[in-house]
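>>> sequence first, then the predicted structure:
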Amino acid sequence: MDSQTTDIQNNRRRRTIERVKTSWIWEFFTSEDRDGVKWAVCKLDKIGTDTPCNKQYKTGGSTKNCIDHLLNKHQISKDGVKEIQVIF
């Protein structure tokens, strides 16, 4: 086996297949790959401002931190915008 064949085989092993993103969170996050690490970056503005949120999470295949962020910081859930209840 020559070195060119070995290089081709090694490149095939290193390739990963990008799965289609099916989670509802990707409407609000962009996906970035930095040095082989997957990151999710919030596209929304901070509540009450025109300042981009840009909160970043390593995803590693899980979207739980992104879901928690949307719920706690933007009052958004899978079912829509969470109603804020004010108790007097």
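Right, received. Where do you want to start?
>>> mind checking which helix or strand the closest residue to I25 other than its chain neighbours is in?
Nearest-residue entry for I25: C66, 4.5 Å, with adjacent residues in sequence omitted and distances by Cβ to Cβ, 6 or more residues apart in numbering. Bear in mind the C-beta positions are built from the backbone N, C-alpha and C, glycine included. Using DSSP states H and E, C66 sits in helix 64-74.
>>> that helix: what's the following helix or strand?
Tracing the chain past helix 64-74, the next element assigned as helix or strand by DSSP H and E is strand 76-77.
>>> paired strands for the helix or strand just after that following strand, with orientation please.
In the C-terminal direction, the helix or strand that comes right after strand 76-77 (DSSP H and E) is strand 80-81. Looking at strand 80-81 with DSSP bridges, its partner strands are strand 76-77 (antiparallel).
>>> what mean pLDDT does the partner strand get?
pLDDT averaged over strand 76-77 equals 94, rounded to a whole number.
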